[in-house]
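S.K.: One predicted model, sequence on top.
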Amino acid sequence: MKNIFFAVMLTFLTVSHLFGTPVEEKILEASNSLSKLLKNQNGIPMRIIEKAQAIVIIPGSIKFGLFIGAKYGEGVVSVKRSDGSWSYPFFVKMGDGSLGFQLGFELADTILVFTTQNSVKGLLGDKFTIGVGATASIGPLSADVDKSTEVDMSSEIFTYSQKSGIFAGASFNGTMLSLDEEKNRALYGSSINTQKILKEDDLSNVYGVKEFLKNINNLTR
């Protein structure tokens, strides 16, 4: 059974990769997701956004279930620098799988808010599993998060999903994130890597990149 599970997961992830969105379009999709968030700030409290040290946006993540479940998505990350500015976006992949009866197909926009340097350090590693090494919580929806008894405000990652116009807390514990250096090179050039993206400016004049930076700065202003 375990071998069948991994075979299905491999097939699912391979097909998702083959039909993946071109890099410039993926950046623009992430920028549009930020625009939706700007217009719907009741979904994610600004108290959470203000704590952000990195924001992960995965537009159009896929959740598929046919007795064996799988989750896959490709998105972008921006990290807050020491001077308060935001880095150029870089690419990540998200993957998860589960056993047990499940049936269905779902598309959603996913947003993960990393609130500590420890969680950001984990994210920048080769592979990072949410909830392992950095505590993660379903993101609160109440604007008055101090009075929420169900949310651990000491958590390092807050997770959200938007399925039908409203951002809602969603669990992503156990989900793996990994850097996608191939897509970074496709967007910024063959000499680029994540560490350079974190530090350098004027990396791209692509419309989607400029819109993304404008939107993330407006969100956190």
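M.R.: Done, it's in. Numbering: from 1, shown residues only.
S.K.: Give me the most central residue, the protein.
M.R.: Val56 (3.1 Å; C-alpha atoms, centre = their mean).
S.K.: tell me which residues in stretch 120-127 are buried?
M.R.: 120, 122-124 (16 or more other C-beta atoms under 10 Å). Every C-beta, even on glycine, is put in place using the N, C-alpha and C of the backbone.
S.K.: tell me the secondary structure for Asn118?
M.R.: Secondary structure state of Asn118, per DSSP: H, G, I helix; E, B strand; the rest coil, is helix.
S.K.: and it, how many neighbours does it have?
M.R.: A count of nearby residues for Asn118, using other C-beta atoms under 10 Å, gives 14.
S.K.: Please give me every residue in contact with it.
M.R.: Shown in contact with Asn118 (C-beta atoms under 8 Å, 6 or more residues apart in numbering): 133-134, 156.
S.K.: if you set the cut-off to 10 Å instead, what comes out?
M.R.: Applying C-beta atoms under 10 Å, 6 or more residues apart in numbering, we find Asn118 in contact with 53, 133-135, 156.
S.K.: Next: Tyr188.
M.R.: 23, 88-90, 196-197, 200, 203-204, 206, 209.
S.K.: picking up where we left off before, element containing the nearest residue to the residue nearest to the centre of the chain once chain neighbours are set aside?
M.R.: Computed as C-beta to C-beta, 6 or more residues apart in numbering, the closest residue to Val56 that is not its neighbour in sequence is Leu112, at 4.0 Å. Assigned by DSSP states H and E, Leu112 falls within strand 90-114.
S.K.: the helices in this structure, which residues?
M.R.: In the chain, the helices defined using DSSP state H lie at 2-18, 23-39, 46-50, 117-123, 181-188, 194-199, 207-220.
S.K.: Can you lay out these as CSV showing mean pLDDT and distance to Ala170?
M.R.: Formatted as CSV, those follow (pLDDT from 0 to 100; distance: least, C-beta to C-beta, whole Å):
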stretch, mean pLDDT, distance to Ala170
helix 2-18, 46, 19
helix 23-39, 84, 14
helix 46-50, 86, 14
helix 117-123, 95, 17
helix 181-188, 93, 24
helix 194-199, 94, 26
helix 207-220, 90, 19
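S.K.: If anything else comes up later, I'll come back, but that's it for now.
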